[in-house]
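>>> how would this look folded up:
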Amino acid sequence: MPNTPHDLFFRKIMERWQAVAAEMRAVLTPGMAALVDWTQMTPVSKSFVAPPLRGRYSDVLFRTRIAGRPGFVYVLAEHQSSSDELMAFRIVEYMVAIWNCYLEEHPGAKRLPMIIPLVVHCSPRGLRWNAPMDLADLLDLNDSERATAGDLVPHVRYLLDDVNAVNAQQLAERELPPDVLILLLLLREAPNNPLLVSLLLDWADELRALIEEPGGLQRWETVVTYIYTVNAGRIGIQDLDPVYDKLGEKAREVAVTIAEQLEARGEVRGEAKGRMAERAETLMRLLTARFVQLPDWVADAVSAADMDRLEMWTLRILNASTVEDVFSV
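Residues are numbered from 1 along each chain as shown. The predicted structure follows:
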């Protein structure tokens, strides 16, 4: 499953340990946060999300030390509208995969490293997270049967940052780097939002802080690329001029360059985008006719794809046995 704009945006911002550390500390208890050596955070260049689900989730993994011993911090972002009822099970899958990788590197290990899993939920439709957060709650047992099973019922919990449960002001009050704050706000608010320009004007101080920090212009490129890509057909090169007036000429120059590059590839407003929309609609009709029931991630993947991917996926329908085959790498 090719990367979506949401996945690329999330990974680019969260590649820095400082970004992940700030997001984790916002949800951990002070006592647990004190056990983590944040200065020893090292990224692991591997995704544990299965290819068919990468249109729905993004993940980053960092090695560190927890209570003085090897440990991991794992952040999974859910950027579709609906909660995944099986998230607790998926977290178990990913944790087991991480442990297997660790045991391959340390074949003589007799203990498993601590993993702190965090799910970040940013729904563009404003829906709150309502899926079970403990593996035990997914087991098909009533209360009486659960009590009888006792310690046989497995418990694995994950941390949750439901960004939809707080407003922009509450997010701004967290001790987050500017790029992480903008990431959370845009994952929730940016896709196909006719009010986005007004919101960006409200966030001008945060955007200016992002641009002015070390490496900020590079991260501003990432932000602008995401804004234009998820609003193709709605926002063009000139539409963000009021925002650039507040952010300065360097911000404008970077943003205009990005917009021109995307426009040249047909990824910003224009005739090419109209053809892409028609091709995407045709692909969805063919997928529904071929497989009837489509997973939630399919619509997001199709809407975020470029023309080359749409054409490739359309051709694959003829020989695909499952919908996952259509989108496989």
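>>> what domains does the record give for the chain?
As assigned by automatic domain parsing, the chain contains the domains 5-176, 190-264, 279-327.
>>> who wins for proximity to L184 among these?
L184 sits nearest to domain 5-176 of all these, at 5.0 Å, using CB to CB. In short, each C-beta sits where N, CA and C put it, glycine included.
>>> Do a quick rundown of the strands in the stretch 1-150 of the chain.
In the stretch 1-150 of the chain, the strands defined using DSSP state E, counting those that start in this stretch lie at 42-44, 57-66, 69-78, 114-121.
>>> would TSV of those with distance to E189 be doable?
Below are the strands of the stretch 1-150 of the chain laid out as TSV (distance: least, CB to CB, whole Å):
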stretch	distance to E189
strand 42-44	27
strand 57-66	17
strand 69-78	15
strand 114-121	14
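>>> quick one: which of those strands is nearest L318?
Comparing the strands of the stretch 1-150 of the chain by CB to CB, strand 57-66 comes nearest, at 28.3 Å.
>>> how distant is that closest one from the center of its chain?
14 Å (CA atoms, centre = their mean, to the nearest Å).
>>> Any chance of the strands of the stretch 1-150 of the chain in TSV with mean pLDDT and mean neighbour count as columns?
Listed next are these as TSV, based on pLDDT from 0 to 100; neighbours: other CB atoms under 10 Å:
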stretch	mean pLDDT	mean neighbour count
strand 42-44	95	13
strand 57-66	94	22
strand 69-78	95	22
strand 114-121	96	22
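>>> any low-confidence regions in this protein?
The chain contains residues with pLDDT under 70 at 1-3, 81-82, 125, 233, 266-277, 329.
>>> picking up where we left off before, which of the domains of the chain sits closest to I182?
Comparing the domains of the chain by CB to CB, domain 190-264 comes nearest, at 5.8 Å.
>>> Any idea how far the closest one is from the middle of the chain?
Chain-centre distance of domain 190-264: 19 Å, with CA atoms, centre = their mean.
>>> returning to that earlier point: make CSV from the domains of the chain and add distance to I182 to it.
What follows is those, written out as CSV (distance: least, CB to CB, whole Å):
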stretch, distance to I182
domain 5-176, 8
domain 190-264, 6
domain 279-327, 19
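>>> if we can go back for a sec, E221: which of the strands of the stretch 1-150 of the chain is closest?
Across the strands of the stretch 1-150 of the chain, closest to E221 is strand 57-66 (CB to CB), at 18.5 Å.
>>> what's that closest one packed up against?
Here strand 57-66 touches helix 5-13, helix 17-25, strand 42-44, strand 69-78, going by 3 or more CB pairs under 8 Å, 6 or more residues apart in numbering; DSSP states H and E.
>>> so that strand versus helix 17-25, what angle?
90 degrees (axes from the mean of the first three to the mean of the last three CA atoms, to 10 degrees).
>>> by how many degrees do strand 57-66 and helix 5-13 diverge?
20 degrees.
>>> How about residues contacting strand 57-66?
6-7, 10-11, 14-15, 17, 20, 35-38, 40-44, 46-49, 70-79, 94, 98, 113-114, 116 (CB atoms under 8 Å, 6 or more residues apart in numbering).
>>> And stretch 129-143, by the same measure?
By CB under 8 Å, 6+ apart, stretch 129-143 touches 78, 83-89, 91-92, 119, 121, 146, 149, 153-158, 160, 162, 164-165.
>>> And these, which of them are buried?
Among the contacts of stretch 129-143, those classed as buried by 16 or more other CB atoms under 10 Å are 78, 83-84, 87-88, 91-92, 119, 121, 153, 156, 158, 160, 162, 164.
>>> Of these, just say which sits nearest to T225.
If you rank these by distance to T225 using CB to CB, E78 comes first, at 21.3 Å.
>>> ok, what's across the strand from the nearest residue to the closest one once chain neighbours are set aside?
Distance criterion CB to CB, 6 or more residues apart in numbering; nearest residue to E78, sequence neighbours excluded, is H121 at 4.9 Å. Residues in a beta bridge with H121, per DSSP bridges, are E78, D162.
>>> Tell me if I'm right that H121 and Y158 touch.
No: H121 is beyond contact range of Y158, at 11.1 Å (criterion: CB atoms under 8 Å).
>>> Any idea which of the helices and strands packed on strand 57-66 gets closest to L201?
helix 5-13 (20.5 Å).
>>> Between strand 69-78 and the closest one, find me the angle.
Using the same axes, to 10 degrees: helix 5-13 against strand 69-78 is 150 degrees.
>>> same for helix 5-13, what does it pack against?
By 3+ CB pairs under 8 Å, 6+ apart, helix 5-13 packs against strand 57-66, helix 178-189, helix 216-230, helix 297-304.
>>> deepest of those, which one?
helix 178-189 (a mean of 24; mean count of other CB atoms under 10 Å).
>>> Counting by contacts, list what it packs against.
helix 5-13, helix 17-25, helix 168-172, helix 196-202, helix 204-212, helix 216-230.
>>> Name the surrounding residues that touch that helix.
So helix 178-189 is contacted by 6, 9-10, 13-14, 19, 22-23, 77, 79, 120, 122-124, 126, 163-164, 168, 171-172, 174, 176, 196, 199, 203, 206-207, 209-210, 213, 216, 219, 223, 226-227 (CB under 8 Å, 6+ apart).
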